[in-house]
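I'll drop the sequence and a predicted model, then ask my questions.
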Amino acid sequence: MQDVILKLVDVPMVRMFVLAGIIFLMIAVLGKIEGKIEPGSIGRIGSAILGVVLIAIGIMMQYGETHDVYAKLPPNMIAALPSQTVVAASQSSAPANTEAVSIKVVSGTYGRNCNAKAGNATAPLSGACDGHSTCDFIIDTIMLEDPAPNCSKDFTAEWKCSNGNAVYSAALSSLSGKNDKLRLNCVN
């Protein structure tokens, strides 16, 4: 049960609205689910209306979403450095000493601004950075799958440090295609 809850936390809000809408539509159509849920005719009508509204909200959220993911990130989470290198700012919950703690990649996404699937670059990012205290990930556009030709792609990374709960983020809003680096850091 705990695994199911952890996986639901990672599901985008849009999918949760659509899934909830489908569940309410199923209640409206089936009417009775294993004798535990028995909505009357008014309950079935209300369930159908709520299901359609939730699905419509989910669809509107998907298509109304801005594709500039960096506008949503707090400014203290990203600090731009010369030559397209980005370093996440330190958070107060990070260890106070300089003891080396290791990076555990949560996700890496290439081309999210072009509607690419979230987490499509997690494996190469994880392979290069997991277990290190600092990692300069060189974004090799040839190695990464091109999710949308003719679209200037971004790159985002999320990671945790050792067993901490804080999730750090770094992003490049546009890639030059040459020596683009993203720095993941767990050293204070």
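Happy to help now that I have it. Numbers count the residues shown, from 1 in each chain.

quick one, helices of the chain?
2-9, 13-30, 41-64, 69-72, 122-129 (DSSP state H).

and the last one, which residues are buried?
This points to helix 122-129. Using 16 or more other C-beta atoms under 10 Å as the test for burial, helix 122-129 gives Thr122, Pro124, Leu125, Ser126, Ala128, Cys129. Where C-beta positions appear, they are placed from N, C-alpha and C, glycine not excepted.

ok, and the helix or strand in this protein with the lowest average confidence?
strand 79-81 (a mean of 40; mean pLDDT, DSSP states H and E).

so where's this structure shaky on pLDDT?
Counting by pLDDT under 70, the chain shows low-confidence ranges at 1-11, 33-35, 64-100, 176-178, 188.

which phi and psi does the residue positioned nearest the centre of it have?
Centroid-nearest residue in the chain: Ala118, 5.8 Å away (criterion: C-alpha atoms, centre = their mean). As for Ala118, its main-chain torsions (degrees, to the nearest 10) stand at phi -60, psi 140.

give me the neighbour count for the residue nearest to it when sequence neighbours are not counted.
Of all residues not flanking Ala118 in the chain, Thr109 sits nearest, at 5.1 Å (C-beta to C-beta, 6 or more residues apart in numbering). Look at Thr109: counted by other C-beta atoms under 10 Å, it has 23 neighbours.

cool, and the one 4 residues further on?
Summarising burial for Asn113: neighbours were counted as other C-beta under 10 Å, giving 21.

quick check: it vs His132, distance?
Distance, Asn113 to His132, using C-beta to C-beta, to the nearest Å: 27 Å.

Gly46 too?
For Gly46, the distance to His132 equals 54 Å [C-beta to C-beta].

you'd agree the residue nearest to Ala118 is up against Phe155?
Yes - applying C-beta atoms under 8 Å, one finds Thr109 in contact with Phe155, separated by 7.2 Å.

overlap in contacts of these two?
Ala121 (C-beta atoms under 8 Å, 6 or more residues apart in numbering).

skipping adjacent residues, who's closest to Val187 in space?
Ser133 (5.0 Å).

tally of neighbours for that neighbour?
Ser133: 17 surrounding residues under other C-beta under 10 Å.

quick one: residues contacting it.
The neighbourhood of Ser133, defined by C-beta under 8 Å, 6+ apart, consists of Ala100, Val101, Ser102, Ile103, Asn185, Cys186, Val187.

so the second one touches Cys186, yeah?
What it means is Val101. Yes - using C-beta under 8 Å, Val101 is in contact with Cys186, at 4.6 Å.

give me the more crowded residue out of the two.
Cys186 (25 against 18).

distance of the residue nearest to the more buried one when sequence neighbours are not counted relative to Ser174?
Closest residue in space to Cys186, ignoring its immediate chain neighbours: Cys161 at 3.8 Å, by C-beta to C-beta, 6+ apart. Noted for Cys161: a distance of 27 Å to Ser174, by C-beta to C-beta.

cool, thanks, talk later.
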